[in-house]
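1. The following block contains a protein sequence and its predicted model.
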Amino acid sequence: MKKGYICVAVATLMFSSMEVMLKFIVGELNVIQLSLIRFTLGGLCLLPMALNTLKKRGEHLEKKDLAYLTLLGFVGITVSMPVYQLAVFYAGASTVSVLYSCNPIFTAVLAVFMLKEMMRKNHIAALILQLLGSLIIINPFDTKIDPTGLALIIAATFLFSLYSVMGKHSCAKFGGVVVTCFGFLSGSVFLLLIILLTRVPAVADLLTQAGLGSFASIPILDGITLANLPYVLYVSLGVAGVGFCAYFLAMECLSASEASLVYFFKPALAPFLAWLVHGEWISVNMMVGIVCILIGALVSTLPGIVEAKKLKKQEET
């Protein structure tokens, strides 16, 4: 249990710092290009650890296992990430950020049907509090959301939640590092195919005519410089590698709904990091939202901690 919460903390720190680091290189790299680089480097970084984990567990990946991990990578990386970027294109980053951080709602519901997990009262209360806090921080009701953008946000959030729940059983069998690594690599292969497709003249023209010129003729390595390389490596090896690995390791120790609360801590921590690094002002409504989120986190985690301590005392006696 303690290991699970440590992994949640690490994943939260990595995910919360992503936008802060990306702000240093905004506009320098295509979003899908950056996704390819992030998940390829993250997957390759984790590959030695993944192979070592399989060896220690005495497991090996059968064809059906590789097929499932490929499907996992396709859903969570290849489909979810471009849909997320399209949502940002239509609805704006701030609106997408808060709604995407609400994926624990989808995860909790999907976990009930797909994993037969119980939805406890404290989890429901925590989800409500943290959703309220996220809405207070961003105040999306003052933003005119494009219907297409809203549909894309919901689709991206659902897809990532599905990715999380689908990975639960594989994490239990092979370990979070293995699932993360092979999901990244398989998803990156599909992303590369998509990029190559956008470089076909006919496809590039079609995307440009549809108003999606930024997704036409996507580069692979162009735009990477010595100046932005450290930030690229951070969001690749740090956020994609360490962050996602910690997230799936948390899935091994905690329920899917508890592990996914990473995405409710993020709206609380990210503003502080933005203030520390970029000097961005923290408003009153943001502070109120952060308090709601932290209370929700305590409501979710404290009962589990207390219960674990009681069981430990019983085992000792």
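-> Great, that's in hand. Residues are numbered from 1 along each chain as shown.

2. sec struct for Ile218, please.
-> Judged by DSSP: H, G, I helix; E, B strand; the rest coil, the three-state class of Ile218 is coil.

3. Can you tell me how far it is from Ala155?
-> Distance, Ile218 to Ala155, by Cβ to Cβ, to the nearest Å: 21 Å. C-beta here means a position set from N, CA and C on the backbone, and glycine is covered the same way.

4. Could you do Thr12 as well?
-> Relative to Ala155, Thr12 is positioned 24 Å away (Cβ to Cβ).

5. who's more crowded, Ile218 and Ala155?
-> Ile218 (22 against 16; other Cβ atoms under 10 Å).

6. Could you look up the SS state of Met118?
-> Assigned by three-state DSSP, the conformation of Met118 is coil.

7. Now do the residue nearest to it when sequence neighbours are not counted: how many residues are near it, please.
-> What sits nearest to Met118 in space, not counting adjacent residues and going by Cβ to Cβ, 6 or more residues apart in numbering, is Val112, at 7.7 Å. Other residues within reach of Val112 by the criterion other Cβ under 10 Å amount to 15.

8. Now find how far off-centre the helix or strand Val112 falls within is within its chain.
-> In the assignment (DSSP states H and E), Val112 maps to helix 103-114. Chain-centre distance of helix 103-114: 15 Å, with Cα atoms, centre = their mean, to the nearest Å.

9. immediately after it, which helix or strand?
-> Next element after helix 103-114 (DSSP H and E): helix 121-138.

10. and that following helix, what does it pack onto?
-> helix 93-100, helix 103-114, helix 262-278, helix 284-316 (3 or more Cβ pairs under 8 Å, 6 or more residues apart in numbering; DSSP states H and E).

11. Just want the phi and psi numbers for Asp222.
-> Main-chain dihedrals, Asp222, degrees, to the nearest 10: phi -60, psi 140.

12. what number of residues lie near it?
-> Asp222, neighbours per other Cβ under 10 Å, totals 9.

13. next one: the one 3 residues further on
-> For Thr225, the number of neighbouring residues by other Cβ under 10 Å comes to 10.

14. and if you look at Pro303?
-> Neighbour count of Pro303, defined by other Cβ under 10 Å: 15.

15. Next, the contact list for it, please.
-> Arg120, Asn122 (Cβ atoms under 8 Å, 6 or more residues apart in numbering).

16. per-residue confidence at it?
-> For Pro303, the pLDDT comes out at 72.

17. likewise His123?
-> pLDDT recorded at His123 is 73.

18. Quickly note the distance from it to Gln130.
-> His123 sits 11 Å away from Gln130, going by Cβ to Cβ.

19. With Ser16 instead?
-> 14 Å.

20. Among the two, which residue is more densely surrounded?
-> Ranked by neighbour count (other Cβ under 10 Å), Ser16 and Gln130 place Gln130 first, with 29 against 23.

21. Verify the contact between the more buried one and Val291 for me.
-> No: Gln130 is not in contact with Val291 according to Cβ atoms under 8 Å; the separation is 11.1 Å.

22. Any stretches of the stretch 201-317 of the chain with poor pLDDT?
-> Counting by pLDDT under 70, the ranges of the stretch 201-317 of the chain that qualify are 255-258, 260-261, 263-264, 280, 282, 300-302, 304-309, 311-312, 315-317.

23. One more pass at 90, please.
-> Applying pLDDT under 90 to the stretch 201-317 of the chain picks out residues 207, 209-217, 221-223, 227-228, 235-317.

24. Quick check: Phe113 vs Gly211, distance?
-> Noted for Phe113: a distance of 37 Å to Gly211, by Cβ to Cβ.

25. which residues does Leu273 contact?
-> Ser16, Ser17, Val20.

26. Just give the closest residue to it, not the sequence neighbours.
-> Per Cβ to Cβ, 6+ apart, closest to Leu273 is Val20, 4.8 Å.
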